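S.K.: sequence and predicted structure are below.
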There are 2 protein chains.
Amino acid sequence: MSEPEGEEPAFEIAVVVPKGNVNAEDSSFDCVELLVREFRKLGFVVERVIGVADEFIKLAAALETLGRAAARLQVKKRTRIGVDLLFEWEEVEAFVRQPDGSLFSWSERFHCYQHLIYGIENKSRSAIILKHEGKELRWEVGECLLQKLEAEGIVKDVFPLHDEIKRKKLLHSWALHWRGFTDQPMDEICSYFGTKIAVYFAFLGMYTKWLLFPALFGLMLQIIDFGSLQLLVLPIFFISITLWAIMFSQFWKRKNAALLARWQISYPVGADAGHKLLGMEWGSFQSPMEIIRKWGTDNTKEKEFFQRNEWFGRFLRFRNDALVILSIICLQLPFELAYAHTYEVVESDLMKFGLTAVYLFTIQYVTQIGGKISVGLIKHENNENKEKRADSLVYKVFGLYFMQSYIGIFYHALLHRSFLTLRQVLIQRLLVSEVLENLLENSLPYLKYSYKKYRLRRKRKCEKGSSTGKIQFTSRVEKEYLKPSYSASIGDELEDGLFDDFLELALQFGLIMMFACAFPLTFAFAFLNNITEIRTDAVKLLTMFRRPVPRAAATIGAWLNIFQFLVVMSICTNCALLAWLYDQEGKWKIEPGLAAILIMEHVLLLIKFGFSRFVPEEPAWVRANRVKNATQAQNMCSKQLLRTMSGGEKVFSEVKRSESGECN
Amino acid sequence: MSEPEGEEPAFEIAVVVPKGNVNAEDSSFDCVELLVREFRKLGFVVERVIGVADEFIKLAAALETLGRAAARLQVKKRTRIGVDLLFEWEEVEAFVRQPDGSLFSWSERFHCYQHLIYGIENKSRSAIILKHEGKELRWEVGECLLQKLEAEGIVKDVFPLHDEIKRKKLLHSWALHWRGFTDQPMDEICSYFGTKIAVYFAFLGMYTKWLLFPALFGLMLQIIDFGSLQLLVLPIFFISITLWAIMFSQFWKRKNAALLARWQISYPVGADAGHKLLGMEWGSFQSPMEIIRKWGTDNTKEKEFFQRNEWFGRFLRFRNDALVILSIICLQLPFELAYAHTYEVVESDLMKFGLTAVYLFTIQYVTQIGGKISVGLIKHENNENKEKRADSLVYKVFGLYFMQSYIGIFYHALLHRSFLTLRQVLIQRLLVSEVLENLLENSLPYLKYSYKKYRLRRKRKCEKGSSTGKIQFTSRVEKEYLKPSYSASIGDELEDGLFDDFLELALQFGLIMMFACAFPLTFAFAFLNNITEIRTDAVKLLTMFRRPVPRAAATIGAWLNIFQFLVVMSICTNCALLAWLYDQEGKWKIEPGLAAILIMEHVLLLIKFGFSRFVPEEPAWVRANRVKNATQAQNMCSKQLLRTMSGGEKVFSEVKRSESGECN
């Protein structure tokens, strides 16, 4: 094996248990002791750390331990010849290494850890009686030990640990590397946080870099006074911004495909997403005989099953989407309009302030409830996998936020029909949302962490009586335990903290695109904000939170569709804005100018939907590699497969006879 | 082998040579005799038929002859386990049969025939001197005999033959089966004509069946007088027609995928289209060693090559498309408008008639020239394969026809702004185009055939002197030779007769969709026309033409995009028509009605582009099968592949060393 032998594996998982009485008499049946023994039996390197309030069991695994688990899990990995094959520990040399030299990605390692530690079952013939601080537990045959202990509250938490060396390195080369502008060490981020988070940062980086063009253009429009040409310059700005956005979304797809090719991940062109299709697992190994037998018989039944399942699933999704859209229009829209209208009508500033406070308080709850209802609805959909469910949630919740963020601005725009007021509103929103959110985002986790520490210290002090001064949290693992986890504001069932980060980006994108004509300078604001956003998000992830649980998704998923939807919306809204601008007397007469706007809108919409035909989302070299790999693999084993099948000639002739029997 | 032994294979290819002097002295070096001997050597069953003017060599091949050719050609075929593998004659039992029981499809058979008969080369060490009617030919070493003879004019033609038994059966069960309505024996059509033509008829059948709904709706609107509700009924009609069209195009994709699954053809989701990518052939078998060695080294070079090639190809296409669009707008548009305007201005009917005659005469030439220019332009594009080039041609030429067919109608509509005049124009166009084209389409081939016969008879008579009465064409093969081939009106380099059939359908679809609001009855016209179109097209293919050369494409290709483009156009034009209808005084004031039309337009456009997200184009069961097949194949040979690779461990370590060398 080529793995460096001397190096100790890093600790990557921590299990939190209560600080027990170590000097108890019969430690052999104490459940924490048993857990540690079982961990050692699995091949883990175990380190026990006694903290201020709890005890922490840190786990590390040698490569072979993980490798054997991966083979059992039937993980598919890219091989040297470019084909994804089922992993086998004996043939480890055939598989491609990660860019950082390790065999498994963080996501694969985490998956293996999970499989191992939740795989500890009672394999003896009778239930075992465990003890914990006097209490007795029955560990039934075949029961999972860790789940049992979690249910009993003995294991308080299981969480992934930061890797101190890599973390420090990343902090230096990424989070605090301000001179890097939009450059980020993508490979290191991917190997430390997994693809989903790496893809978010790649997107943020590319988006910020691309923003430079409209930011400069907008700044130019603001500085230079075009005089009477103003009415001509704005449409030009609008057209170039739209083209910019269309190209951005398509080129992002290409960049995503290229990134995945670099990270040796198969690009999901429908082929690999179906690995676990409609809850049925195809991955398991079957002998050719079985396959042949199956193939002949239940083909039509299977087809019917899939058809029924497909349409039923579609109906459920349609019903849920209709429900969400209806409730947004019937419940949320009047509420938002009422607020916007009252805000306009009320005259005293104090009243306005109070109103806004009440409003902000209310929408917090509205969004929370909306998120919960959406999660509830999604449970009744049969989406293919967890990432699809998460996407479905994103669409539904974004509907809420969309109304919340923009309907007020539209109302102001329609009511006043003056660009100056609209600009004021936009500046307010941008400043408030960006400054406030950045502040909150970065201080809230730290405050939470400090509060937890403070509470623990008080508790300890009360227990010990008022004794020796301040209690220090010396162990790093305890500090990490006290940090909040990277979770979404709408509940962490399907999404993690990336939801909030993406939401912020999408709302910003909507704001700057949909009202681009009213206030070209917003692009410059957004550009500055995103430059800082990259670094603050990085600092946040590296220092404020526990290490996030890695997610498997390899694209930005639903968010890309939302960005594209916002582009389409922005074409319509900007045309409306331009029409208002040209028609300030409110005559609503279609003159050449307005007709030109209408034509322009249609042409732009056409370009939007036609552009993806012109520039495919997968670069030719990625596609060529993929096709080459598939062809090579098939050709290499073509003869082999045919030989295997001819062994089953009898089965063939049987199948054939039954087929010809059906035909006649 | 399970092939019925006693049955003689049918003759499928004919080679036309001049009627020679059979009793010549040294027949051993006569090139026709040599050709026949070579055919027999290859394993063909040869029958020589002496016709009135020429001699015909009919060829048939036993299954084994074709099978060995297919193995040499590395044809990929579906196996019993659902995976496409390289064909091998020894393992013939592992491959799936066609629905009609034969091993190879017509397209595969034709491919093998071509490979065999054009594979006759001079394998001796020196050139052979051949004789033909006194002339001497040098057959060089390694030269293809058939190409040589074609170049010398000795082989006049090579064409596929009709299978008399199957043809009669199809004529009975399909072409003359009028009671079948839109039902057609798809499997038989596919096995007789190949997938491309079968897919056309499947499309025509489904389109006609779906047309029933708008036809009935349109008829209802025509018969019932809604009085004052008329202004409300038309928008409803328009909305339902648009939704109908959107659903039709999506459900057609699903039907196409289902058909291909039934015919055991892999659905092109990007994977198989790249079999021959950018002119590079991946299909050839390479040993794992070679692949491994290749993989490590020229990865980046390859990537650069592909990137350069991709963008250069895109630039060429863009330039060509821009050229075509510009020339259509700058040259054709003024011409069409001039005609439409002159037609309006001229008052005498005689003048109008003359003008139209001149116009019709001119556009014949314009289209021909346009087609030729397009073919010339496409030669400079590097499209992936022949079908992509054909698609590129279809787009370009359709641009021409689009202008030609609709711009006049738009002009009339804009000029008169009266629905009655528009209706008259529409009826004129529909009747003229449909009745006239159907007549022409069906009589022209017959006239050509008769004329050829007539000329041959005269020639014979002149030679023989005025002897015994009428000369009969008794041999069937000679009759087929005299029939015209199924070729496109714009030249047969890239497209065959399907081009004209699809063009007719697309122009009809555009006509009925884009002016749906002006004249709902057109759908009923189109429905009746298509019912007859199915049968007349079938009769035409079975009796009027030679058997068409089978094409490999498995979808309707560019035409689907054209249909979708027409749907988008129709949304815009119908909204414009409705706006004209509501605003008959020409005030152009945006009142609630007009605003509603604008909103409706946007919503419909949104649905058009969003619907494909809601209903995927590949049914779940087709996708499940595909994924299952791919996974099974990979899993079955996963272990095998890994073992093969570990044999090359040395190469691995070398590659690795060079890689790590690069990294440091």
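M.R.: Structure received. None of the values given here were measured: they were computed from a predicted structure.

S.K.: only C-alpha atoms for contact and neighbour calcs from this point on.
M.R.: Fine.

S.K.: OK, contacts around whichever residue of the stretch 101-250 of chain A sits closest to chain B?
M.R.: Residue of the stretch 101-250 of chain A nearest chain B, by CA to the nearest CA: A:Gly101 (9.4 Å). Counting by CA atoms under 8 Å, 6 or more residues apart in numbering or on different chains, A:Gly101 touches no other residue.

S.K.: got it, and A:Ala198?
M.R.: A:Met186, A:Ile189, A:Cys190.

S.K.: mind running it again at 10 Å?
M.R.: A:184-192, A:204, A:259, A:554-555 (CA atoms under 10 Å, 6 or more residues apart in numbering or on different chains).

S.K.: can you list the domains in chain A?
M.R.: Per automatic domain parsing, the domain ranges recorded for chain A read A:13-161, A:178-277+A:384-618, A:622-659.

S.K.: which helix or strand contains A:Phe519?
M.R.: Following DSSP states H and E, one finds A:Phe519 outside all helices and strands.

S.K.: wait, isn't it in contact with A:Ile512?
M.R.: Yes. Counting by CA atoms under 10 Å, A:Phe519 does reach A:Ile512; the two are 8.2 Å apart.

S.K.: mind checking which of the contacts of A:Ala198 are buried?
M.R.: Neighbour counting by 16 or more other CA atoms under 10 Å in any protein chain shown classes A:Gln184, A:Met186, A:Asp187, A:Glu188, A:Ile189, A:Cys190, A:Ser191, A:Tyr192, A:Leu204, A:Leu259, A:Ala554, A:Thr555 among these as buried.

S.K.: nearest to A:Leu326, of the residues you listed?
M.R.: Set against A:Leu326, the nearest of the buried ones among the contacts of A:Ala198 by CA to CA is A:Thr555 (29.5 Å).

S.K.: dihedrals phi and psi, that closest one?
M.R.: Main-chain dihedrals, A:Thr555, degrees, to the nearest 10: phi -130, psi 180.

S.K.: interface residues of the stretch 1-150 of chain A facing chain B?
M.R.: Taking CA under 10 Å from any CA of the partner chain as the contact definition, the stretch 1-150 of chain A meets chain B at A:2, A:76, A:79-88, A:90-96, A:99, A:101.

S.K.: emit the PyMOL select command for whichever of the residues you listed are buried.
M.R.: To isolate the buried members of the residues of the stretch 1-150 of chain A next to chain B in PyMOL, using 16+ other CA under 10 Å:
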select buried, chain A and resi 76+79+80+81+82+83+84+85+86+87+88+92+93+94+95+96+99
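
S.K.: A:Leu116 and B:Gln472: what is the separation?
M.R.: Distance of A:Leu116 to B:Gln472, computed by CA to CA, to the nearest Å: 87 Å.

S.K.: scratch that, A:Phe509 is what I was asking about
M.R.: 79 Å.

S.K.: okay, the two: which has more neighbours?
M.R.: Between A:Phe509 and B:Gln472, counted using other CA atoms under 10 Å in any protein chain shown, the more crowded position is A:Phe509 (19 against 10).

S.K.: the more buried one: what's it in contact with?
M.R.: Contacts of A:Phe509 by CA under 10 Å, 6+ apart are A:Tyr207, A:Ala245, A:Leu503, A:Phe523, A:Ala526, A:Phe563, A:Leu566, A:Val567, A:Ser570.

S.K.: re the thing from before, show me which of the buried ones among the contacts of A:Ala198 neighbour chain B.
M.R.: Counting by CA under 10 Å from any CA, no member of these reaches chain B.

S.K.: select only the buried ones of the contacts of A:Phe509 in PyMOL?
M.R.: Of these, the buried ones go into a single PyMOL selection, burial set by 16+ other CA under 10 Å:
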select buried, chain A and resi 207+245+503+523+526+563+566+567+570
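
S.K.: ok, and does the helix or strand hosting A:Gln404 reach over to chain B?
M.R.: Following DSSP H and E, one finds A:Gln404 within helix A:386-416. No. Against chain B, helix A:386-416 shows no contacts by CA under 10 Å from any CA, the least distance being 12.2 Å.

S.K.: give me the helices and strands touching that helix, please.
M.R.: Applying 3 or more CA pairs under 10 Å, 6 or more residues apart in numbering or on different chains; DSSP states H and E, we find helix A:386-416 packed against helix A:299-327, helix A:333-345, helix A:349-379, helix A:419-431, helix A:498-514, helix A:558-582.

S.K.: let me have those in a markdown table, adding distance to A:Phe545 as columns.
M.R.: Output for those, formatted as a markdown table (distance: least, CA to CA, whole Å):
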| stretch | distance to A:Phe545 |
| --- | --- |
| helix A:299-327 | 33 |
| helix A:333-345 | 34 |
| helix A:349-379 | 22 |
| helix A:419-431 | 26 |
| helix A:498-514 | 13 |
| helix A:558-582 | 23 |
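
S.K.: give the buried residues for the longest helix anywhere in chain A.
M.R.: Longest helix of chain A, by residue count under DSSP state H: helix A:230-262. Buried residues in helix A:230-262, counted by 16+ other CA under 10 Å: A:234-235, A:237-239, A:241-242, A:245-246, A:248-261.

S.K.: what do you get for stretch A:314-330?
M.R.: Buried-residue list, stretch A:314-330, by 16+ other CA under 10 Å: A:Arg314, A:Leu316, A:Arg317, A:Asn320, A:Asp321, A:Val324, A:Ile325, A:Ile328.

S.K.: which ones are touching the fifth one?
M.R.: Okay, so that is A:Asp321. By CA under 10 Å, 6+ apart, A:Asp321 lies in contact with A:Phe315, A:Ser327, A:Ser374, A:Leu377, A:Ile378, A:Ser392, A:Tyr395, A:Lys396.

S.K.: pretty sure the first one contacts A:Glu381?
M.R.: When you say that, I think you mean A:Phe315. Yes. Counting by CA under 10 Å, A:Phe315 does reach A:Glu381; the two are 9.1 Å apart.

S.K.: got any ranges where the stretch 501-650 of chain A has weak pLDDT?
M.R.: A:582-597, A:600, A:604, A:608, A:610-617, A:621, A:625-626, A:628-650 (pLDDT under 70).

S.K.: touching stretch A:210-228 from outside, list them.
M.R.: With CA under 10 Å, 6+ apart, stretch A:210-228 has contacts from A:204-205, A:208, A:230, A:232-234, A:237, A:240-241, A:244-245, A:248, A:516-517, A:519-528, A:530.

S.K.: now the weakest link among the domains of chain A, please, by mean pLDDT.
M.R.: For those, the weakest mean pLDDT is recorded on domain A:622-659, namely a mean of 60.

S.K.: on that earlier part again, including distance to chain B, could the contacts of A:Phe509 go into JSON lines?
M.R.: JSON lines is the format used below for these (distance: CA to the nearest CA, whole Å):
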{"residue": "A:Tyr207", "distance to chain B": "22"}
{"residue": "A:Ala245", "distance to chain B": "18"}
{"residue": "A:Leu503", "distance to chain B": "22"}
{"residue": "A:Phe523", "distance to chain B": "27"}
{"residue": "A:Ala526", "distance to chain B": "28"}
{"residue": "A:Phe563", "distance to chain B": "14"}
{"residue": "A:Leu566", "distance to chain B": "12"}
{"residue": "A:Val567", "distance to chain B": "12"}
{"residue": "A:Ser570", "distance to chain B": "13"}
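
S.K.: can you list the contacts of A:Phe509 in CSV and add distance to A:Leu415?
M.R.: Below are the contacts of A:Phe509 laid out as CSV (distance: CA to CA, whole Å):
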residue, distance to A:Leu415
A:Tyr207, 33
A:Ala245, 28
A:Leu503, 28
A:Phe523, 25
A:Ala526, 26
A:Phe563, 27
A:Leu566, 23
A:Val567, 24
A:Ser570, 19
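
S.K.: in stretch A:35-48, what counts as buried?
M.R.: A:Leu35, A:Val36, A:Glu38, A:Phe39, A:Gly43, A:Phe44, A:Val45, A:Val46.
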